[in-house]
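J.: After the sequence you'll find the predicted model.
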Number of protein chains: 2
Amino acid sequence: MPIQIKQHDCKTELREADLKATPARLAALKVLEASNKPLDVATIRLELKRSGINTDPATVFRMMNSFSDKGIVRGVNLQESKLRYEHAAKKEHHHLLCQSCSAIEDISDCNINALEKGIEKKKGFLVKSHALEFYGLCQKCQKIN
Amino acid sequence: MPIQIKQHDCKTELREADLKATPARLAALKVLEASNKPLDVATIRLELKRSGINTDPATVFRMMNSFSDKGIVRGVNLQESKLRYEHAAKKEHHHLLCQSCSAIEDISDCNINALEKGIEKKKGFLVKSHALEFYGLCQKCQKIN
DNA sequence: TTGACAGATGCAATAGACTTGCATATACTA
DNA sequence: TAGTATATGCAAGTCTATTGCATCTGTCAA
């Protein structure tokens, strides 16, 4: 008899956050989980539509807000006029944004902790979180230009 | 006879950028130069009004855009719904934002260059710029709470 | 299984940051 | 000082996001 693996699917994730598991929410979570970059509300709605789920923008904004509140997703501000969202299960990381092709790549293991410690010591400021993104040219676009 | 110091005032700054030196622009530049933190458009307009200069929001947005294009000011995105602007003559630095009292403090000499070098080596991504801000509690608010 | 109800959704209105078109006004150059 | 390129004000419009309200639907208890 196989060991009982705890199935942490989208439904249980919502249950544990005291959120009702509606079709739109389940699908939105799956979309975010499957994406390799943070998505904005318009894109999420498009993906849902491709699964046959029509949503009102207000609903998706509300979803993202409650997901954020519960720590299920993380808002990502990439200096655009809109917010993007990524699944919070992904280990904390930062992003590389190509200014030519708009590609977005993740970057982990930036050892920014050293910087934070220095700030706490030098300024007496208690760092709770930080925003860090890099802008430039991805490998492909460096070759083209 | 004293040495002729080059007077790099707001007027010449605008001239050199091929921008007309209007009263509103001169005053806005002075406001930004005098401020110790990045300001949003509404605040800039308020400061101008205090100097007796009434401006239309559109005008100030257009000013900030052309100043940005010319490298005179720098847009600062502090995860708010609006952009702030700071005078670009200030050496590049980052910001500490107190989540309790909303104070904004500058922090220079963060040695983020090491991180950038690492990224270029590891990812082949050519870093042109970055966004880095820290969120937490300033010294005062740590004591209060 | 069902029924009640808290919470989710759609729709429409609203808010706020920012942009744009156009007519007028003004800084700069010759 | 006159002519022109550019800046400004005003009004309308765009885009992201929020909110009020009526309706609908998961969920839980019976």
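T.: Happy to help now that I have it.
J.: switch to C-alpha atoms for all contacts and neighbour counts from now on
T.: Will do.
J.: now the end-to-end length of stretch A:117-135.
T.: Here the two ends of stretch A:117-135 are set 25 Å apart, with distance taken as CA to CA, to the nearest Å.
J.: Just the residues contacting that stretch, thanks.
T.: Residues from elsewhere that reach stretch A:117-135, judged by CA atoms under 8 Å, 6 or more residues apart in numbering or on different chains: A:78, A:94-99, A:116, B:96, B:127-139, B:142.
J.: Where do the helices of chain A begin and end?
T.: Taking DSSP state H as the test, the helices found in chain A are A:10-16, A:23-34, A:41-50, A:57-70, A:113-123, A:139-144.
J.: Pull up the residues of chain A that are close to DNA strand D.
T.: Residues of chain A found near DNA strand D, taking CA under 7 Å from any atom of the strand as the criterion, are A:15, A:19-23, A:40-41, A:57-58, A:61-62, A:65, A:81-84.
J.: Quick check on these: which are buried?
T.: Burial of these was assessed by neighbour count (16 or more other CA atoms under 10 Å in any protein chain shown); the buried members are A:19, A:40, A:41, A:65, A:83, A:84.
J.: Format those residues as CSV; extra columns: pLDDT and distance to chain B.
T.: Rendered in CSV, the data for those read as follows (pLDDT from 0 to 100; distance: CA to the nearest CA, whole Å):
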residue, pLDDT, distance to chain B
A:19, 98, 26
A:40, 98, 15
A:41, 98, 16
A:65, 98, 15
A:83, 98, 9
A:84, 98, 12
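J.: out of those, which touch DNA strand C?
T.: Counting by CA under 7 Å from any atom of the strand, the members of these near DNA strand C are residue A:19.
J.: domain assignment for chain A?
T.: A:1-90, A:91-145 (automatic domain parsing).
J.: what lines up beside the longest strand along chain A in the sheet?
T.: Scanning chain A for the longest strand, with DSSP state E as the assignment, gives strand A:126-137. Paired strands of strand A:126-137, with direction, are strand A:94-98 (parallel), strand B:126-137 (antiparallel) (DSSP bridges).
J.: Pick the most buried one from these.
T.: The highest mean neighbour count among the strands paired with strand A:126-137 belongs to strand A:94-98 (a mean of 22), with neighbours defined as mean count of other CA atoms under 10 Å in any protein chain shown.
J.: Which residue lies closest in space to residue A:92, excluding its sequence neighbours?
T.: Excluding the flanking residues, the one nearest residue A:92 by CA to CA, 6 or more residues apart in numbering or on different chains is residue A:108, at 7.1 Å.
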